[in-house]
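Student: pasting a predicted model and its sequence here:
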Amino acid sequence: MPKFRNPNSPHSRYKGLVELPSDHGLPVPDMPAVRDWTEAERDQWRQWWESPQAAMWDESFIPTVAVMLTYFGKILDGTATSTHQMEFRHLAGALGLTAEGMKRLGWAFEGDAE
């Protein structure tokens, strides 16, 4: 049986997690005016930008989140290809919106880093 990882090891990649505040208080940026967004997409945009992970994003993340939102819309309306779905999963991880992405980025929710 393999040994469990020790997060307290000096060589652990999980040491020194950044705790993300549950309410970062940052404003939700305007959506790019590149197309008409559905109400579901507008709601999702707001949810992502109000998430604890968004505390680590700046305005340079707006295009990336917008691209991810485009894939999200395609997934919702059933027009997403397997490539769209794969890219959505990749972006979600890269933005820290998945458990694996948060772990890789060294992020933890406030109170979970103990």
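Tutor: Sure, I can see it.
Student: all contacts plus neighbour counts: C-alpha atoms, from now on.
Tutor: OK.
Student: against E59, how distant is L26?
Tutor: As defined by CA to CA, to the nearest Å, L26 lies at a distance of 11 Å from E59.
Student: so what's Q85 up against?
Tutor: Residues near Q85 by CA atoms under 8 Å, 6 or more residues apart in numbering: 71, 75.
Student: what about the protein, any weak spots by pLDDT?
Tutor: Applying pLDDT under 70 to the chain picks out residues 1-15, 113-114.
Student: could you pull out the strands for it?
Tutor: 18-20, 107-109 (DSSP state E).
Student: and the last one, what does it pack against?
Tutor: Translated: strand 107-109. Secondary-structure packing of strand 107-109 (3 or more CA pairs under 8 Å, 6 or more residues apart in numbering; DSSP states H and E): strand 18-20.
Student: walk me through which strands the strand it packs on pairs with, and which way each runs.
Tutor: Taking DSSP bridges as the criterion, strand 18-20 pairs within the sheet with strand 107-109 (parallel).
Student: got a list of what the residue nearest the centre of the chain touches?
Tutor: When CA atoms, centre = their mean is applied to the chain, the residue found nearest the centroid is L97 (2.7 Å). Shown in contact with L97 (CA under 8 Å, 6+ apart): Q53.
Student: on that earlier part again, a markdown table for the strands of the chain, including mean neighbour count and distance to L91?
Tutor: Shown next, in a markdown table, are these (neighbours: other CA atoms under 10 Å; distance: least, CA to CA, whole Å):
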| stretch | mean neighbour count | distance to L91 |
| --- | --- | --- |
| strand 18-20 | 18 | 19 |
| strand 107-109 | 20 | 16 |
